[in-house]
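Asks: Need the 3D shape of this:
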Amino acid sequence: MKHLLLLLSYAMASLTISSHAACKSYGSIVNPCVPYSHEQMVADLEQLLQRYSAILSRASIGTSVEGRDIPVVCLGRGEHDILVCGAMHARECITTNYLMYFIEQYAEAFVSHDSIGDFDVNHLLNNVSIHIAPMINPDGVNIVQGGFEASCHCDSLLQMKLINYEEPPHRSWKANAHGVDLNRNFDFGWDNCPTDSLPASNGFKGFAPLSEPESHALASFAKRIRPEAVLAFHTQGEQFFFTTPDSCSASIAERLVEATGFEPQPIDPPYGSFQDFVALHLGVFYACVELCDYIGPRPYPECDFFKIWQPARYVIPIVASGIIDNQR
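Replies: Just a heads-up that it's a prediction; the model follows:
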């Protein structure tokens, strides 16, 4: 029996090592199978920008409550702008891994003149500019990954109400460092949003719309670039929430559902979400992409990254190609 247990132990260790090695081989800079801190993201972005300067550029759209930079990367050099964001909710930080991996894969394909799937990457990126904010809520991600003591607001965080959480409670954090749910803090439907009256780990809409530096930065940037499509990546449920104001948008939505197998869901009445903001101020195609199967109020395990990448790997190019085709 002891010999059998040893053999099983060695087998499991071998599988773990092989899985990790296979994951790392996919990208020479970005390893999406490990937790992605703000510091790691910034460091990797610097390397990506040095290697792929022909097709990547970077700007800052603002800073977080605790002063962390919120970078946006422009992938492409076309006249059609698309806005993409991730990690608006802290525990949904696997979306940063997804977007960083996407940036490297498509930048490498561009300089190598390669296609990915059925997509001619050079054609896409010469016609669109994809503005990607991989981590809208860096303070919240820091709390999830480092614990409350990693925040300079530790004392106030410990006094906030915990909603829909598991132990340890910091791993279930969704809000920013002020205890505001950023996806309830936008300026359309905010008055109608049911909410706790005080800052909390989840669901508090803030004391005023766009009160938070992170939501304000994203809203200001979106208004400035006026994108033709917007994608926001979240994690729970393998489903889409769409706004489709025209036939082109409806066609893109149909292609996304067919390519991923994700279920489209009905839209809630306005409640101060980023989707509501886009509908009011931009009036363009919007997709909230829920990347993962539902696992409860905790981060999706990074070691399973390719389980979420595989079905959703063509989401952004499908939107980009739909925008290009609509202009012909």
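
Asks: Please identify the helix or strand for T96.
Replies: Following DSSP states H and E, one finds T96 within helix 94-112.

Asks: Same check on D155?
Replies: D155 belongs to helix 154-158 when assigned by DSSP H and E.

Asks: Buried residues, that helix. List them.
Replies: Residues of helix 154-158 classed as buried by neighbour count (16 or more other CB atoms under 10 Å): L157. Any C-beta I mention is one placed from the backbone N, CA and C, and that applies to glycine too.

Asks: residues in contact with that helix?
Replies: 143, 148, 151, 177, 179, 199 (CB atoms under 8 Å, 6 or more residues apart in numbering).

Asks: that older thread, quick one: list the elements packing against the helix holding T96.
Replies: helix 38-51, strand 69-76, strand 115-116, helix 121-127, strand 128-133, strand 229-236, strand 285-292, helix 305-312 (3 or more CB pairs under 8 Å, 6 or more residues apart in numbering; DSSP states H and E).

Asks: about what we covered before: inside strands: which ones of the contacts of helix 154-158?
Replies: With strands taken from DSSP state E, there is no overlap with the contacts of helix 154-158.

Asks: I'd like those as JSON lines, with pLDDT, neighbour count and distance to Y271 appended.
Replies: Formatted as JSON lines, the contacts of helix 154-158 follow (pLDDT from 0 to 100; neighbours: other CB atoms under 10 Å; distance: CB to CB, whole Å):
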{"residue": "I143", "pLDDT": "98", "neighbour count": "29", "distance to Y271": "24"}
{"residue": "F148", "pLDDT": "98", "neighbour count": "17", "distance to Y271": "28"}
{"residue": "S151", "pLDDT": "97", "neighbour count": "21", "distance to Y271": "27"}
{"residue": "A177", "pLDDT": "98", "neighbour count": "28", "distance to Y271": "22"}
{"residue": "G179", "pLDDT": "98", "neighbour count": "25", "distance to Y271": "18"}
{"residue": "P199", "pLDDT": "97", "neighbour count": "21", "distance to Y271": "18"}
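
Asks: Can you tell me the centre-most residue of the protein?
Replies: G86 (1.8 Å; CA atoms, centre = their mean).

Asks: Next up, the contacts around that one.
Replies: G86 makes contact with 92, 95-96, 98-99, 132-136, 232-233, according to CB under 8 Å, 6+ apart.

Asks: Low-confidence stretches in the stretch 1-150 of the chain?
Replies: The stretch 1-150 of the chain contains residues with pLDDT under 70 at 1-27.

Asks: Same question for the stretch 201-328 of the chain.
Replies: Applying pLDDT under 70 to the stretch 201-328 of the chain flags the ranges 328.

Asks: Repeat the analysis, applying 90 as the threshold.
Replies: Low-confidence segments of the stretch 201-328 of the chain, defined by pLDDT under 90: 326-328.

Asks: And the helices in it, which stretches?
Replies: Assigned helices in the stretch 201-328 of the chain, in chain order: 213-225, 247-260, 274-281, 305-312, 315-326 (criterion: DSSP state H, counting those that start in this stretch).

Asks: sorry, back to before: tell me who's in contact with the closest residue to the residue nearest to the centre of the chain other than its chain neighbours.
Replies: Of all residues not flanking G86 in the chain, T95 sits nearest, at 3.4 Å (CB to CB, 6 or more residues apart in numbering). Taking CB under 8 Å, 6+ apart as the criterion, T95 is in contact with 86-87, 134, 233-235, 291.

Asks: got it, and P169?
Replies: The contact partners of P169, by CB under 8 Å, 6+ apart, come to 162, 201.

Asks: State the distance from it to H216.
Replies: P169 sits at a distance of 27 Å from H216 (criterion: CB to CB, to the nearest Å).
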